[in-house]
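Undergrad: Structure here, sequence nowhere to be found:
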């Protein structure tokens, strides 16, 4: 047996300046580290080369997606142990340039080069998307949405289950089924919007049609759902037809900025605003305000990040940007509320359901792992590995309050000031 694992462990610890909390199993069969700890499996020298050429999160992500790096043991445990070293180093973490000013760190890098060689950098996995920047034009937004959602409806069915809802569920209890929790979330949105038969609802970013179908079937409203994903639209239209709701529901492949047939009595935007981008958010809010009738309600369901001391330093997560949600951006909930108010809305309620998303993501990961072979066949093993990593890491981020998710209820309050809400919109247990 060789000694690659021991050498690799020593060099990485020297570079990071802290002991590794996991075991390493290397390509030559060697192992090093705490014997009872889960293992980081380095399948080949190429995994280390990826990190040398692209240190940090993106290099790790490329190695993971390509299958050069794997985990032996509980995925959540490894991600939790490693997050402080790689994914959650915080605003005060040293840059690579600062790290390499340390002679010991430079020596560690030279040792890694001797261990693995340093030929031309390995090509990124084909699942990585390359873009000209965060432009948020109609063309680039459509391409980004297609990258994420046009993976195959059967693959998403494997992960999401029969509900086909790709946003945070609303759990009545931790042992409820995912389908129960997603139904309760859709009903919660409908109740907050106070939908009644005969009203018009615009569902922005309608996905596979779950909200549109629920609102039409259970509340008798006429729904227009818009998405940029042709695969989603095709699935949603069939679903509407199967439910016998074609007289109430219209699904369009359309940019929300091109919707001109208002006014609507209510608008739902569930898990869509993260794609809008900071520079375009006020435009997004003003467009939705324009489409509502006076007294109409908007329910904006959106992931939020924690605010930073210097907001100018915010950057999109490298792994998420390259492999999951290209051009997606998160904002603090206070920023979202401010932008909605600047557009003219009166914000009437903000509900954080952060813990609910952690439960949702863990169920999606369990679905993926339970039918891994089929998922990998449908989307390709690299894509399946992307989804497994991002959903598990996101679950931990929600549990640790590093990100959250909020439902913001806003009203286009008329000049009279009569917003149409009861004195006690919701009660506390």
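TA: That came through, no problem. Source: prediction; values computed, not measured.
Undergrad: and stretch 111-120, average pLDDT?
TA: Mean pLDDT, stretch 111-120: 73.
Undergrad: Repeat that for stretch 358-375.
TA: 98.
Undergrad: residue ranges with poor pLDDT in the stretch 1-150 of the chain?
TA: By pLDDT under 70, the low-scoring segments of the stretch 1-150 of the chain are 1, 84-109, 118-119, 131-150.
Undergrad: all strands for the stretch 151-300 of the chain, in order.
TA: Ranges of strands in the stretch 151-300 of the chain, per DSSP state E, counting those that start in this stretch, are 200-204, 222-227, 249-253, 264-270, 292-305.
Undergrad: What is the three-state secondary structure of residue 425?
TA: At residue 425, secondary structure determined by DSSP: H, G, I helix; E, B strand; the rest coil is coil.
Undergrad: show me what contacts it?
TA: If a contact means CB atoms under 8 Å, 6 or more residues apart in numbering, then residue 425 has 348-349, 409 as its contacts. For the C-beta atoms, the positions are set from N, CA and C on the backbone; glycine is no exception.
Undergrad: hmm, back to that, the strands of the stretch 151-300 of the chain: which one's closest to residue 158?
TA: strand 222-227 (20.1 Å; CB to CB).
Undergrad: List of residues touching the closest one?
TA: Residues outside strand 222-227 that contact it (CB under 8 Å, 6+ apart): 145, 149, 198-207, 209, 211-212, 215-216, 233, 236, 248-256, 259, 261, 264.
Undergrad: Now the buried members of those.
TA: With burial judged by 16 or more other CB atoms under 10 Å, the buried subset of the contacts of strand 222-227 is 145, 149, 199-207, 209, 211-212, 215-216, 233, 236, 248-249, 251, 254-256, 259, 264.
Undergrad: can you list the weak-confidence ranges in the stretch 301-429 of the chain?
TA: Using pLDDT under 70, the stretch 301-429 of the chain drops low at 428-429.
Undergrad: That one: helices as residue ranges?
TA: 318-319, 333-342, 354-370, 372-379, 381-399 (DSSP state H, counting those that start in this stretch).
Undergrad: just so I know, which of those lies nearest residue 165?
TA: helix 354-370 (9.0 Å).
Undergrad: Report the angle between the closest one and strand 292-305.
TA: Helix 354-370 and strand 292-305 are oriented at 70 degrees to each other (axes from the mean of the first three to the mean of the last three CA atoms, to 10 degrees).
Undergrad: ok so, going back, relative to residue 83, which of the strands of the stretch 151-300 of the chain is closest?
TA: With CB to CB as the criterion, residue 83 lies closest to strand 292-305 of these, at 15.3 Å.
Undergrad: one step back: what about the strands of the stretch 151-300 of the chain, which gets the closest to residue 49?
TA: Between residue 49 and the strands of the stretch 151-300 of the chain, the shortest separation by CB to CB is 31.9 Å, and it involves strand 292-305.
Undergrad: Packing partners of that closest one?
TA: helix 178-193, strand 264-270, helix 333-342, strand 403-411 (3 or more CB pairs under 8 Å, 6 or more residues apart in numbering; DSSP states H and E).
Undergrad: list the buried ones in it?
TA: For strand 292-305, by 16+ other CB under 10 Å, it's 292, 296-305.
Undergrad: Reformat the helices of the stretch 301-429 of the chain into JSON lines and put mean neighbour count and distance to residue 71 next to each item.
TA: Below are these laid out as JSON lines (neighbours: other CB atoms under 10 Å; distance: least, CB to CB, whole Å):
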{"stretch": "helix 318-319", "mean neighbour count": "19", "distance to residue 71": "15"}
{"stretch": "helix 333-342", "mean neighbour count": "17", "distance to residue 71": "33"}
{"stretch": "helix 354-370", "mean neighbour count": "19", "distance to residue 71": "12"}
{"stretch": "helix 372-379", "mean neighbour count": "17", "distance to residue 71": "14"}
{"stretch": "helix 381-399", "mean neighbour count": "21", "distance to residue 71": "9"}
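Undergrad: can you tell me which of those helices comes nearest to residue 82?
TA: Of all the helices of the stretch 301-429 of the chain, helix 381-399 sits nearest to residue 82, with 9.8 Å by CB to CB.
Undergrad: how much does the closest one deviate in direction from helix 354-370?
TA: With the same axes, to 10 degrees defining the directions, helix 381-399 sits at 150 degrees from helix 354-370.
Undergrad: Who are the packing partners of helix 381-399?
TA: helix 57-66, helix 75-83, helix 153-160, helix 354-370, helix 372-379, strand 403-411.
Undergrad: again, only this time at 6 Å
TA: helix 57-66, helix 75-83, helix 354-370 (3 or more CB pairs under 6 Å, 6 or more residues apart in numbering; DSSP states H and E).
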